[in-house]
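Chemist: for reference, the sequence and a predicted model appear below.
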Amino acid sequence: MSEHVHISDVVGLTIQELHMTGALRGDEPLLRIDNSAEAEKAPFRLDAAAGRLHRKDCRAIPAGSRSALYSVWKIGADEQELACPRCKPMPEPEKPPQESENSTDLLYGVLSVVNQFGGVLRERGQEYRKSSVGKVLSAQIEGMYRGINERERNVLDVVLASLEQLAVTIRKLDENLNNAHDMKNGSSKPDGSR
């Protein structure tokens, strides 16, 4: 019982704080079950009484069906048999995913940052680790590490090893790209050879 009272006290105090800071207005509900404002924005309506799918502003929707309308955001090709013959709602064509371009761009972005600022980042990391804030953070991380069970520690070790391997791979890739760039431009190596 005391846990429930404690949770409700925390919720009550948080709501009070939100009101005092202006994050909540008095006319805004904390929880709204009625989604009619959002549903009104949907592009299609399903007339459940007649079994017809209409565009939002179709004039063929019978007046008696107004209370039986459901908002529909997206229609599929298999729902065409329900389509109103007057407004002819059509499904939107599928857009091809562009995730591969985004992930490739992200990889090149990381390589660019490592290429431009790798030395600076490494130096800043060493300085931060030796600073008082870095030492406190290191102690906190070590304390958290000691406080977790063996299974969680093993998972964390795998993640850290993976990050280290990723850093090594990025450094090698960066070196290979720089060497390829130097060879393409005919740059000489430090020993004078080409």
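Modeler: Sure, I can see it.

Chemist: need phi/psi at residue 69.
Modeler: Main-chain torsions, residue 69, degrees, to the nearest 10: phi -90, psi 140.

Chemist: helices of the chain, start to end?
Modeler: 2-21, 36-39, 99-130, 132-147, 150-184 (DSSP state H).

Chemist: give me the residues contacting the fourth one.
Modeler: I take that to be helix 132-147. Identification of contacts with helix 132-147 by C-beta atoms under 8 Å, 6 or more residues apart in numbering yields 127-129, 153, 156. (C-beta placed from N, C-alpha, C; glycine too.)

Chemist: apply 10 Å and report the result again.
Modeler: 125-131, 152-153, 156-157 (C-beta atoms under 10 Å, 6 or more residues apart in numbering).

Chemist: and the angle from it to helix 99-130?
Modeler: Between helix 132-147 and helix 99-130, the angle comes out at 110 degrees (axes from the mean of the first three to the mean of the last three C-alpha atoms, to 10 degrees).

Chemist: got the contact list for residue 157?
Modeler: Per C-beta under 10 Å, 6+ apart, neighbours of residue 157: residue 145.

Chemist: show the low-confidence segments of this structure, by residue range.
Modeler: 1-8, 24-34, 94-103, 111, 114-115, 180-181, 184-194 (pLDDT under 70).

Chemist: swap in 50 and give it another go.
Modeler: Residues of the chain meeting the criterion pLDDT under 50: 1-3, 190-194.

Chemist: circling back to that earlier point, now tabulate the helices of the chain in JSON lines and tack on distance to residue 48.
Modeler: Shown next, in JSON lines, are those (distance: least, C-beta to C-beta, whole Å):
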{"stretch": "helix 2-21", "distance to residue 48": "38"}
{"stretch": "helix 36-39", "distance to residue 48": "14"}
{"stretch": "helix 99-130", "distance to residue 48": "37"}
{"stretch": "helix 132-147", "distance to residue 48": "54"}
{"stretch": "helix 150-184", "distance to residue 48": "49"}
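
Chemist: ok, which of these comes nearest residue 53?
Modeler: helix 36-39 (15.2 Å; C-beta to C-beta).

Chemist: so what does that closest one touch, helix or strand wise?
Modeler: strand 69-72 (3 or more C-beta pairs under 10 Å, 6 or more residues apart in numbering; DSSP states H and E).

Chemist: quick check: buried residues in the strand it packs on?
Modeler: 69, 71-72 (16 or more other C-beta atoms under 10 Å).

Chemist: now the residues you listed in JSON lines, with distance to residue 41?
Modeler: Listed next are the buried residues of strand 69-72 as JSON lines, based on distance: C-beta to C-beta, whole Å:
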{"residue": "69", "distance to residue 41": "14"}
{"residue": "71", "distance to residue 41": "8"}
{"residue": "72", "distance to residue 41": "12"}
